[in-house]
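1. no sequence on this one, just coordinates:
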């Protein structure tokens, strides 16, 4: 390409070349003993000889870097940013190793909702305590402590993952523990339980009704019922196999007569026991596993006029456990196995109900012994204290 003709302007150190119907202005000057020449801009972009002259004056004064120096600085800054192992980049590496793990989708949602905006562009060592405190206070105003605890646990896991692989520096402080009252149990009194069973029996939503029945009769978790397949139900031997439960190892629980009746009456539509249906563009019915059934079971809960804070599925798991514990017929170790708790710590929340049943049983045993030893006496027994009437 031939060298283009430079055209002078009336402004010192400013010239232009013509390219097509456009003019491209250049400035040249000497600074620190070096001759510098750079593009100022196009006429089509609003550049004029006077603007170019002003730009030249700014360059000479040193208030603004020349284009070449500015580009070099921008390149260095971009390189530095590219080399920074931010929380966003750590998350990308972390999720490559965790995408197939149980609970990853929940973690991904928590990261995008609560961590990305505040910490995504920072390196872990750049995060300060004030920022985590601010986020914790903000979240606790609208979220349950357990949710907030999960969010910060995820942040710590991501950072620890990076530190263990020498990808980043650790946080400069220790994130405080978020206290969670995890001892809450939900229960239904006999009248509420009767109302619920009536509402379930009246419901035309078979999937929702039967999943509630199974929760009440087995104490299974929502996710376990969503993943339950017909191959996991052993009708012959009387067991339900729970694959990949919350506790980690596969478990099996007894298939009692009530649960058997529910499953035997439940229509098999697909590989999974509980499925939702959708029609495609051709009108063909397709079956999918549940990710959520909250709205559908809440319809039944409302029909039974249960308390608004009673969780329609998890609450039934608590009801199942509470009834067994308070019956006194089931010890806590057996209850732990039925609930597939990994640790007895979780089962301890029902210990007071079990203790109450034991106290009642012990009291009954004492009265029974006295009544047996004094045949013909009234059923109301008074113990002899050894004191004589005066």
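-> Now that the structure is in, tell me what you want to look at. Quantities reported herein were computed from a predicted structural model and do not represent experimental measurements.

2. Verify the stated contact: residue 338 with residue 331.
-> No. Using C-beta atoms under 8 Å, residue 338 makes no contact with residue 331, being 10.8 Å away. Yep, even glycine has a C-beta here, placed from its N, CA and C like the rest.

3. low-scoring pLDDT stretches of the stretch 1-150 of the chain, where are they?
-> Along the stretch 1-150 of the chain, the parts satisfying pLDDT under 70 run over 1-3, 65-66, 69-70, 72-83, 99-102.

4. Please enumerate the strands of it.
-> Secondary structure of the stretch 1-150 of the chain, counting by DSSP state E, counting those that start in this stretch: strands at 7-8, 14-19, 22-31, 34-42.

5. So for residue 93, which of the ones you listed sits nearest?
-> Shortest separation from residue 93 across the strands of the stretch 1-150 of the chain is recorded for strand 34-42, at 40.5 Å, computed as C-beta to C-beta.

6. buried set for the closest one?
-> For strand 34-42, the neighbour count (16 or more other C-beta atoms under 10 Å) marks 36, 38, 40-41 as buried.

7. quick one: contacts of that strand?
-> For strand 34-42, contacts defined as C-beta atoms under 8 Å, 6 or more residues apart in numbering pick out 14, 22-30, 47, 51-52, 55-56, 59, 66-68.

8. mind running it again at 6 Å?
-> 22, 24-29, 47, 52, 55, 66-67 (C-beta atoms under 6 Å, 6 or more residues apart in numbering).

9. same question, stretch 195-213
-> 225, 262, 266, 274, 296-297, 300, 303-304.

10. first vs last residue of that stretch, how far apart are they?
-> Stretch 195-213 stretches 13 Å from its first residue to its last (C-alpha to C-alpha, to the nearest Å).

11. Need the buried ones from the contacts of strand 34-42 selected in PyMOL.
-> PyMOL command restricting the contacts of strand 34-42 to the buried ones, with burial defined by 16+ other C-beta under 10 Å:
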select buried, resi 24+25+26+27+29+47+52+55+66+67
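
12. could the contacts of strand 34-42 go into CSV alongside distance to residue 202?
-> Formatted as CSV, the contacts of strand 34-42 follow (distance: C-beta to C-beta, whole Å):
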residue, distance to residue 202
22, 78
24, 81
25, 82
26, 85
27, 85
28, 89
29, 89
47, 78
52, 83
55, 80
66, 81
67, 77
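
13. can you pick the most crowded of the contacts of stretch 195-213?
-> residue 297 (24 neighbours; other C-beta atoms under 10 Å).

14. How is it assigned, secondary-structure-wise?
-> With DSSP: H, G, I helix; E, B strand; the rest coil as the basis, the three-state label of residue 297 is helix.

15. okay but it is in contact with residue 312, surely?
-> Yes. Contact criterion C-beta atoms under 6 Å: residue 297 and residue 312 qualify, at 4.0 Å.

16. Please enumerate the shared neighbours of these two.
-> Going by C-beta under 6 Å, 6+ apart, no residue sits against residue 297 while also sitting against residue 312.

17. And the helices in the stretch 201-350 of the chain?
-> Read by DSSP state H, counting those that start in this stretch, the stretch 201-350 of the chain holds these helices, from start to end of the chain: 206-218, 222-227, 257-265, 294-303, 314-327, 332-339, 344-347.

18. Those helices: which one's closest to residue 186?
-> helix 314-327 (3.9 Å).

19. Specify the angle between that closest one and helix 206-218 in degrees.
-> Relative orientation of helix 314-327 and helix 206-218, computed by axes from the mean of the first three to the mean of the last three C-alpha atoms, to 10 degrees: 20 degrees.
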